[in-house]
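A.B. asks: need coordinates for the following:
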Amino acid sequence: MTAGDVDQVALFGPRGTGKTQAAAGVMIAHAQKHVAAGGRLPTKWLGAADTFESHRRKTHESLLDPMWRGAWELSDGGHVAVFRLRGGPALVKLHLFGIEDSAALDRVRAQSHGLWFEEPAPAGVLSLGLTERAWAIGVSSCRLPTYHNPKILTLNYPHVEHWTWRDFVADPLPGTAAFRAPREETYATTGQQAEWARALAGQKDLLRRLIEGRPGIPILGELVVAGFNEDEHVRSVRPARGEPVYIGTDGGESHTWCSVVLQRVGPHVDVLGALVSSPSGARQHYASTLVPWLGEHTPWVLDDPRLALVIYDPACDTEDPGDVDSNPLATMQTLLPARYLPGPVSWPGRLNPLFALLDDGDGLGGRRLRIDPYGGKGLIEALAGGWYLSVGQDGRIRKDTPAKPNHPHEDYGDALCYAVAGAAPQAPERPSRKPGWKAKPPRADFNPFTVLDPPRPGRRP
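C.D. replies: Below you'll find the model as predicted:
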C-alpha cells in the first residue's frame, strides 16, 4: 500500500483483529517514505467515521493503547491526533470527524495526503455507515503533493450488497485491493470473544460479520440446511476432465431459472457452478447461460451427450395445446443433448439426500461436499442464510418446507437438490469399464419365443 502500487485498499476483519492499529501503521510508514522522498512533515490525513462519537469510543482507545508508548497525542477535543517519536517532529497529523449528514460532507473535501474511512458499513440499526459518495469525495480530496496518496478503509465484514464489498471484492474496481485480517490473530481475549458471541447469539447476520468474519447475508428465518458450514464445505475445486457432469435445473413456470453443475470426484461431490437467470425462460437460460458455461468449463459434455445427466424440475415438462414449441423440457433437450430425468417431487425426497451429503465426511478429515467459492457464490449465500423455512410473524416455523416465493435462494436450493439426487452420492461409484465393453442383454420375465416354441426336455427356456 505505501509502495504506491495500489490506490485504494480495504481491510476486512472481525472485531478485535487490530484493524485500526493497522491503519495507523500505514500512516506512519507513508510519512517515513514521504519525507525520504523530499516531502514536508507532517503528512495530513482525513479520518472519517459515521459519527465523531464512534471515534471517541473506538479510535481514541486504539491510538492511546500502550503499544504506541504515548507516540499518539490527542488535541482539539479529540478531533486531531498527532504522531511523533520521542519528542521529535510530528510525522502524521490525523483529523478525526464524523459524517452524520449531507452537510457534514464538507469535512471530507479538505485537501490531504491520505484518506481513512473507519467502519463505513453500518453494524446495526443505530449506525448509518458511510456512503459511496462520501468516499468518492474523499478520494478526490487526496491531492496534496506526495510520492503516493493512499486511501484505506478498515471495517468489519459488510453485507454482501454493501458498496464496500461490491467495489473491493465482488466486482473490484481498477486500482483497488482487499485484505482480510485472520480471525486467529486477534487482540481480543477469549473472554471478550465469548461475551460478544453471547450478546449477538440471536442476531445471526451480525454474528457472521462481527465475530465469525464473514460477509453478511439476509437471514430471515431458520435455515433449511443447518448442517452447512462454510469453513468445511467451501473449497476451490476444478472440473475433472472427461468425467460425467450432473446438472440440476429448477424452473418450470417460474421466471427465475437456475442450474447447479456438479461432479463426483473420488469420495467428493464437487459443485463447479451455480447459474441463475432472471427474468428468464428455458430457452434463454440454456442458450445464454448454461450451455456457454459448459462450453467454457466442461466442453466434453457438449461433444458426448452420455456424459451429462440433467435432473430437472418436474414442472419443466408442461404442455400448451396452443403451442407445440412451448414445452420447456423439449426446449432444454434441443439446446443441450443429454440424458434427462425428472427430479423428486416430495420435499423429503429432495432434501434427505442433501442432508445426508452435508453430514458425510470424506474419510480424509474433510467433507464430501465441496462448493467452489467463485462458481458457487450465489449457492453459498443461499445455504448460509438466504434459503430458510417458512416462519410466522412470531418467528416460529410454520411448516418444515422452504419459504416461497424467495428468489433466487429457493431456486439455488432446489437446483442443488435435483443435482444431488441425480449424482446419488450415497451410492457406490460404478467401476470403470474397459474400452469395447458391452453390456449383456437383460433377461426378460416374459419371452415371446418360449411361448411359440415351448421348452423341450433338457433345453433351458
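A.B. asks: C-alpha only now, for contacts and for neighbours.
C.D. replies: Noted.
A.B. asks: show me the helices in the stretch 101-250 of the chain, by range?
C.D. replies: Applying DSSP state H, counting those that start in this stretch to the stretch 101-250 of the chain gives helices spanning 132-141, 163-165, 190-199, 204-206, 230-233.
A.B. asks: how about stretch 362-381 as PDB, C-alpha atoms only?
C.D. replies: Output of stretch 362-381 as PDB, limited to C-alpha atoms (Å, rounded to 0.1, in the frame of the first residue of the first chain):
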ATOM      1  CA  ASP A 362     -14.700 -37.900   3.100                       C
ATOM      2  CA  GLY A 363     -12.500 -40.100   5.300                       C
ATOM      3  CA  LEU A 364      -9.700 -37.600   4.900                       C
ATOM      4  CA  GLY A 365     -10.700 -35.100   7.600                       C
ATOM      5  CA  GLY A 366     -13.000 -33.100   5.400                       C
ATOM      6  CA  ARG A 367     -16.500 -33.100   4.000                       C
ATOM      7  CA  ARG A 368     -17.600 -34.900   0.800                       C
ATOM      8  CA  LEU A 369     -19.500 -31.900  -0.400                       C
ATOM      9  CA  ARG A 370     -17.200 -29.200  -1.800                       C
ATOM     10  CA  ILE A 371     -18.600 -25.900  -3.300                       C
ATOM     11  CA  ASP A 372     -16.300 -23.700  -5.300                       C
ATOM     12  CA  PRO A 373     -16.300 -20.200  -3.800                       C
ATOM     13  CA  TYR A 374     -16.400 -18.400  -7.200                       C
ATOM     14  CA  GLY A 375     -18.600 -20.700  -9.300                       C
ATOM     15  CA  GLY A 376     -21.000 -21.300  -6.400                       C
ATOM     16  CA  LYS A 377     -21.100 -17.900  -4.800                       C
ATOM     17  CA  GLY A 378     -24.900 -17.500  -5.000                       C
ATOM     18  CA  LEU A 379     -25.500 -21.000  -3.800                       C
ATOM     19  CA  ILE A 380     -23.200 -20.400  -0.800                       C
ATOM     20  CA  GLU A 381     -25.300 -17.300   0.100                       C
END
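A.B. asks: what lies in contact with that stretch?
C.D. replies: With contacts defined as CA atoms under 8 Å, 6 or more residues apart in numbering, stretch 362-381 is touched by 217, 230, 232-237, 267-275, 357-361, 409, 412-413.
A.B. asks: which positions in it come out as buried?
C.D. replies: By 16 or more other CA atoms under 10 Å, the buried positions in stretch 362-381 come out as 367-381.
A.B. asks: need the single longest helix in this structure, by residues.
C.D. replies: Ordering each helix of the chain by length in residues (DSSP state H) puts helix 19-36 first.
A.B. asks: would you say Ala274 is within a strand?
C.D. replies: Yes: Ala274 sits within a strand when classified using DSSP: H, G, I helix; E, B strand; the rest coil.
A.B. asks: just the pLDDT for it.
C.D. replies: pLDDT, Ala274: 97.
A.B. asks: ditto for Pro122
C.D. replies: For Pro122, pLDDT reads 79.
A.B. asks: these two touch, right, it and Leu128?
C.D. replies: Yes: Pro122 is in contact with Leu128 according to CA atoms under 8 Å; the separation is 5.3 Å.
A.B. asks: just give the number of residues close to His79.
C.D. replies: Neighbour count of His79, defined by other CA atoms under 10 Å: 17.
A.B. asks: how about the longest helix of the chain: buried residues?
C.D. replies: Those would be 19-21, 23-24, 26-28, 30-35, for helix 19-36 by 16+ other CA under 10 Å.
A.B. asks: how near is the residue nearest to the spatial centre of the chain to His409?
C.D. replies: Nearest residue to the geometric centre of the chain (CA atoms, centre = their mean): Lys377, 4.5 Å. Distance, Lys377 to His409, using CA to CA, to the nearest Å: 11 Å.
A.B. asks: go on, Thr164?
C.D. replies: When distance is defined by CA to CA, Thr164 is 23 Å away from His409.
A.B. asks: what's the answer for Trp300, then?
C.D. replies: Trp300 sits 29 Å away from His409 when distances are taken as CA to CA.
A.B. asks: what do you get for Asp372?
C.D. replies: Applying CA to CA, the value for Asp372 to His409 is 17 Å.
A.B. asks: go on, Asp171?
C.D. replies: Note on Asp171: its distance to His409, by CA to CA, is 20 Å.
A.B. asks: ok, those two, which is more surrounded?
C.D. replies: Neighbour totals were compared for Asp171 and His409, and His409 leads with 24 against 10 (other CA under 10 Å).
A.B. asks: ok, that one - contacts?
C.D. replies: 378-379, 381-382, 386-387.
A.B. asks: for Pro337, same thing?
C.D. replies: With contact set as CA under 8 Å, 6+ apart, Pro337 has these partners: 302, 305.
A.B. asks: where does it land in three-state SS?
C.D. replies: Following three-state DSSP, we place Pro337 in the coil state.
A.B. asks: how far away is it from Phe12?
C.D. replies: Applying CA to CA, the value for Pro337 to Phe12 is 45 Å.
A.B. asks: same question, Val224
C.D. replies: Taking CA to CA, one finds Val224 at 28 Å from Phe12.
A.B. asks: what does Ala330 give?
C.D. replies: For Ala330, the distance to Phe12 - CA to CA - is 47 Å.
A.B. asks: looking at these two, which one has more neighbours?
C.D. replies: Phe12 (26 against 18).
A.B. asks: need the contact list for the more buried one.
C.D. replies: 19, 154-157, 178-181.
A.B. asks: and if we set it to 6 Å?
C.D. replies: Counting by CA atoms under 6 Å, 6 or more residues apart in numbering, Phe12 makes contact with 155-157, 180.
A.B. asks: among those residues, which are in strands?
C.D. replies: Among these, the ones falling in strands (DSSP state E) are 155, 180.
A.B. asks: on the three-state scheme, Gly47 is what?
C.D. replies: Reduced to three states by three-state DSSP, Gly47 is strand.
A.B. asks: isn't it up against Leu96?
C.D. replies: Yes: Gly47 lies in contact with Leu96 (CA atoms under 6 Å); the separation is 4.8 Å.
A.B. asks: ok, Leu341 - contacts?
C.D. replies: Taking CA under 6 Å, 6+ apart as the criterion, Leu341 is in contact with Ile311.
A.B. asks: could you look up the SS state of it?
C.D. replies: Following three-state DSSP, we place Leu341 in the strand state.
A.B. asks: how much space between it and Thr298?
C.D. replies: Separation of Leu341 from Thr298 (CA to CA): 20 Å.
A.B. asks: how is the chain partitioned into domains?
C.D. replies: 8-200, 233-423 (automatic domain parsing).
A.B. asks: count of neighbours near Gly114?
C.D. replies: Each residue near Gly114 was counted by other CA under 10 Å, and the total is 26.
A.B. asks: that one bridge partners, please.
C.D. replies: When assigned by DSSP bridges, Gly114 has beta-bridge partners Trp45.
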